[in-house]
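Colleague: Need a 3D model of the sequence below.
(chains A and B)
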There are 2 protein chains.
Amino acid sequence: MPVLRIPGVRLAAGAAGIRYQGRDDLVLLALPDGAQTAAVFTTNAFCAAPVQLARRHLAQTQPRWLLINAGNANAGTGDRGLADAETCCTALAAAADCAPEQVLPFSTGVIGEYLPVGAIAAALPQLVAGLREDGWTDAAGAIMTTDTHPKTASASCDLGGREAKVVGIAKGAGMIRPDMATMLAFLCTDAPVPRDLLQALLREAVADTFNAITIDGDTSTNDACVLSAAGTLGGPPVTAGSPELQALALAVHQVCAALATSIVRDGEGATKLVTIEVVEAQSAAEARAVADTIAHSPLVKTALFAADPNWGRILAAVGRAGVARLDIERVRIWLDDCLIVSGGGRDPTYTEVAGRAVMARDAFRIRVGLGRGEITTRVLTCDLSYDYVRINAEYRT
Amino acid sequence: MPVLRIPGVRLAAGAAGIRYQGRDDLVLLALPDGAQTAAVFTTNAFCAAPVQLARRHLAQTQPRWLLINAGNANAGTGDRGLADAETCCTALAAAADCAPEQVLPFSTGVIGEYLPVGAIAAALPQLVAGLREDGWTDAAGAIMTTDTHPKTASASCDLGGREAKVVGIAKGAGMIRPDMATMLAFLCTDAPVPRDLLQALLREAVADTFNAITIDGDTSTNDACVLSAAGTLGGPPVTAGSPELQALALAVHQVCAALATSIVRDGEGATKLVTIEVVEAQSAAEARAVADTIAHSPLVKTALFAADPNWGRILAAVGRAGVARLDIERVRIWLDDCLIVSGGGRDPTYTEVAGRAVMARDAFRIRVGLGRGEITTRVLTCDLSYDYVRINAEYRT
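Modeller: Sure thing, here's the model as predicted:
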């Protein structure tokens, strides 16, 4: 499906040679006058310099520019890292004739190395000159690190007779366990939306999409998800509680869900897309604890890689998830619709053949019934393969 | 160093063909009359049938026999699993002329398969006939699953002019994140110790040994650590607060620490022994949270495998450990004595050459100073290698 465009939102990608050779690694996204922008960021205490600066700029004014680089996270770089991020914003302000605080900087890549500020600044004038509304796919390619392919998604919805569009790009593919925010994802819509509504809409959309995926449990220092409303669709601003807001929220959610799924599918070394669904929990916290414990268990993840229905490892993960007074007699576990565990052990109807048939699929669901409440949660994850070790033992070298 | 013997404590190992061919997989340990026994068990809610039964028997009487099998965990086996464990105890009671509740059963291996009770019962008479005081090393070999070598340790101490001995065996090597108890470990001493003192002594010894190691974060369903005091040394029982208790506690701690270290060294696929030391924490809980987050991070563990001083991954793990109001300016990170992080970024004195030199070692320490208190904790862990994935993708198949 071709990526839609957002009228008035222009992008450019270019090569600054930050880390990679022979590919783009720098992206500029220009928002039209009057655009409103919402964002959520990582909860990692060691948040990167660009995250700190983007937060500060967002509090000062509405951004006109997003400046994104791959190959270097500008994290763990102390005061100099913050100064480097500021220099990039100042350089773009000069090239694009705006105020530095109208620029939001984003970085992704290796932690702990200083940003090649000169190379980035030198590349900016050409990027400003090359801005295009159809630059989304090139931009998605330029922000990749260990991703194997660009991630784009778009959706549209009816807004009182007008067709509003939502377009997004994102990058993974390791250090992925978003918490309150996510890896890098940038979404725009042409709908006119006041900033406070936009922020609420974004928070709601990421909750069960980007915030419900995990590849390796490692919440990044640079996670950020941005949603800008260009307003170029025209018409009255979307209002709270309106059917228009509901329609737009659905479209934003669709784009977030598609990008989040792409990230897990392209997880480092991943060969399987696995949905962990926990039902009948007493609280969202215990549901999430059980789902996360399964999703992060190296023993479960290697069994997924082997397509081995080793349900004992799933059961052991449920048992150590810290659920108080768990009645193991009531716990059931399914692989898709195949019931494998009941009454504290293997279900009498279960056959290894049926379990193997599910695990052989590219994508399937592990469903755990706790038998103690009404709460459900879902987490998307992938397996742990030789390639995960290879990618992360070789990265940086 | 040869393993010491405990006078009056006899062991035998034999092959029951439970899972493995051509090796021993069944162990009998006989305690003399009057021996006192303490134990700690897994906190996993799905604790195995033998764990449930051993707890019940311990509450009823003092054990005279430990019956241990490898290759099958008898976990996730429901009511039939409990009945199977009872049958094993009854069979031994008949062969050894004791009450079934004087037998403590232990199992380790695959979860979710039924125990071959007939084969175990059939092997018991020969084991009873073959009991020997020098059977420790054979026993350590017979309880192995994915371990690559038997784990034994012994120590001695002066008890009011008499030399008391402590001997222990243990097995790893995956699903290791002991919590309140540990994988399988069996220790005996010839010292006379009342049961309540013995239990306190064991709890204290495991706290910073078996309970401070992690290979993959997966707390097992079968963890158990047993300490028996045969009393065959003679002399008055050890009393609370005495120098004798202190000397014995030190010897028990030495044996636990040696076995715990052996388990991590022999962790599945492990090539490095890494001590995570967190200092200057405000509480033991936050110190342990930081240490565990580093020890369980797949990104840190793969960097350890690659001997890559990728300190950004350590810093990111510290940042996501959930420490409230962490002042990143005060955080420092060392590799052994090499300071790599200060002031939120790379320390000015740090060189990549120095970092690589430490990471090339077989064993080293990652030390994190939080700069906010006086509490220290230590966790032992290992790296995440191709072989971890291979072992756990192939196990069971």
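
Colleague: For the residue lying closest to A:Tyr20 once chain neighbours are set aside, list the residues it contacts.
Modeller: Leaving aside its sequence neighbours, A:Tyr20 sits nearest to A:Gly71 (CB to CB, 6 or more residues apart in numbering or on different chains; 5.5 Å). C-beta: built from backbone N, CA, C; applies to glycine. By CB atoms under 8 Å, 6 or more residues apart in numbering or on different chains, the contact set of A:Gly71 is A:18-20, A:25, A:108-110, A:145.

Colleague: May I have the phi/psi pair for the residue sitting furthest away from the middle of chain A?
Modeller: Distance from the C-alpha centroid of chain A, by CA atoms, centre = their mean, peaks at A:Pro348 (40.1 Å). Here is the backbone geometry of A:Pro348 (degrees, to the nearest 10): phi -60, psi -30.

Colleague: gap between it and A:Ala306?
Modeller: Distance of A:Pro348 to A:Ala306, given as CB to CB, to the nearest Å: 25 Å.

Colleague: And for A:Ala129, the neighbour number?
Modeller: Close neighbours of A:Ala129, defined as other CB atoms under 10 Å in any protein chain shown, add up to 9.

Colleague: backbone phi and psi for it, please?
Modeller: A:Ala129 adopts backbone torsions of phi -70, psi -20, taken as degrees, to the nearest 10.

Colleague: From B:Gly34, how far off is it?
Modeller: Applying CB to CB, the value for A:Ala129 to B:Gly34 is 91 Å.

Colleague: do the same with A:Pro236
Modeller: In this view, A:Pro236 and B:Gly34 are 89 Å apart by CB to CB.

Colleague: Looking at the two, which is more packed in?
Modeller: For A:Pro236 and B:Gly34, the more surrounded residue by other CB under 10 Å is B:Gly34, and the numbers stand at 13 against 10.

Colleague: out of everything not next to it in sequence, what's closest to that one?
Modeller: Spatial nearest neighbour of B:Gly34, excluding adjacent residues (CB to CB, 6+ apart): B:Gly231 at 5.2 Å.

Colleague: and if you look at A:Ala96?
Modeller: Nearest non-adjacent residue to A:Ala96, counting by CB to CB, 6+ apart: A:Val128, 5.3 Å away.

Colleague: Which strand or helix spans that neighbour?
Modeller: helix A:117-129 (DSSP states H and E).

Colleague: Which helix or strand lies directly C-terminal to that helix?
Modeller: The element immediately downstream of helix A:117-129 (helix or strand, assigned by DSSP H and E) is helix A:136-142.

Colleague: For the helix or strand following that next one, which helices and strands make contact with it?
Modeller: Later in the chain than helix A:136-142, the nearest helix or strand by DSSP H and E is strand A:151-159. Using 3 or more CB pairs under 8 Å, 6 or more residues apart in numbering or on different chains; DSSP states H and E as the contact test, the elements touching strand A:151-159 are helix A:136-142, strand A:162-170, helix A:243-265.

Colleague: How about the residues of the stretch 251-397 of chain A by chain B?
Modeller: Within reach of chain B by CB under 8 Å from any CB of the partner chain, the stretch 251-397 of chain A has these residues: A:296-299, A:302-303, A:305-306, A:308, A:310-313, A:315-320, A:323, A:326, A:328, A:341, A:343-346, A:384-386, A:388-390, A:392-397.

Colleague: Do you have the helices of chain A handy? List them.
Modeller: A:49-60, A:78-96, A:117-129, A:136-142, A:195-207, A:243-265, A:284-296, A:298-305, A:311-319, A:352-359, A:386-394 (DSSP state H).

Colleague: mean pLDDT lowest for which of those?
Modeller: Mean pLDDT per stretch puts helix A:386-394 lowest among the helices of chain A, at a mean of 85.

Colleague: Please save the CA atoms from that one in PDB.
Modeller: Below are the C-alpha coordinates for helix A:386-394, written out as PDB (Å, rounded to 0.1, in the frame of the first residue of the first chain):
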ATOM      1  CA  TYR A 386      21.100 -17.000  17.300                       C
ATOM      2  CA  ASP A 387      20.800 -13.800  15.200                       C
ATOM      3  CA  TYR A 388      19.800 -11.700  18.200                       C
ATOM      4  CA  VAL A 389      23.100 -12.700  19.900                       C
ATOM      5  CA  ARG A 390      25.000 -12.200  16.600                       C
ATOM      6  CA  ILE A 391      23.500  -8.700  16.000                       C
ATOM      7  CA  ASN A 392      24.100  -7.500  19.500                       C
ATOM      8  CA  ALA A 393      27.500  -9.100  20.000                       C
ATOM      9  CA  GLU A 394      28.700  -7.500  16.700                       C
END
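
Colleague: Could you report the neighbour count for the closest residue to chain B within the stretch 1-150 of chain A?
Modeller: Relative to chain B, the nearest point of the stretch 1-150 of chain A is A:Ile111 (2.5 Å; CB to the nearest CB). Neighbours of A:Ile111 under the rule other CB under 10 Å: 28.

Colleague: That one against B:Ala316, yeah?
Modeller: Yes - A:Ile111 is within contact range of B:Ala316, at 6.3 Å (criterion: CB atoms under 8 Å).

Colleague: any residues in contact with both of these two?
Modeller: With contacts taken as CB under 8 Å, 6+ apart, A:Ile111 and B:Ala316 have A:75-76, A:221 as neighbours in common.

Colleague: Make JSON lines out of those residues and add pLDDT and neighbour count.
Modeller: JSON lines is the format used below for the shared contacts of A:Ile111 and B:Ala316 (pLDDT from 0 to 100; neighbours: other CB atoms under 10 Å in any protein chain shown):
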{"residue": "A:Ala75", "pLDDT": "89", "neighbour count": "31"}
{"residue": "A:Gly76", "pLDDT": "86", "neighbour count": "28"}
{"residue": "A:Thr221", "pLDDT": "76", "neighbour count": "29"}
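
Colleague: Also near chain B: which of those residues, exactly?
Modeller: Applying CB under 8 Å from any CB to the shared contacts of A:Ile111 and B:Ala316, one finds that A:75-76, A:221 fall near chain B.

Colleague: For A:Leu197, see how far away A:Arg64 is.
Modeller: Using CB to CB, A:Arg64 is found at 20 Å from A:Leu197.

Colleague: For A:Leu370, list the residues it contacts.
Modeller: A:Leu370 makes contact with A:278-282, A:286-287, A:290, A:323, A:326, A:330-331 under the criterion CB under 8 Å, 6+ apart.

Colleague: looking at these, which has the most residues close by?
Modeller: Among the contacts of A:Leu370, the one with the most neighbours (other CB under 10 Å) is A:Val278, at 28 neighbours.

Colleague: Surely that residue is in contact with A:Gly373?
Modeller: No - under the criterion of CB under 8 Å, A:Val278 makes no contact with A:Gly373, lying 10.4 Å away.

Colleague: So which residues on the stretch 1-150 of chain A come close to chain B?
Modeller: Within reach of chain B by CB under 8 Å from any CB, the stretch 1-150 of chain A has these residues: A:43-47, A:73, A:75-81, A:110-112.

Colleague: Which members of these are the farthest-apart pair?
Modeller: Within the residues of the stretch 1-150 of chain A next to chain B, A:Thr43 and A:Arg80 form the most distant pair, 23.9 Å apart (CB to CB).

Colleague: Tell me how many other residues surround A:Lys165.
Modeller: When neighbours are counted by other CB under 10 Å, A:Lys165 registers 24.

Colleague: Now do the same contact list for it.
Modeller: Neighbouring residues of A:Lys165 by CB under 8 Å, 6+ apart: A:4-6, A:154-156, A:189-190, A:233, A:251.
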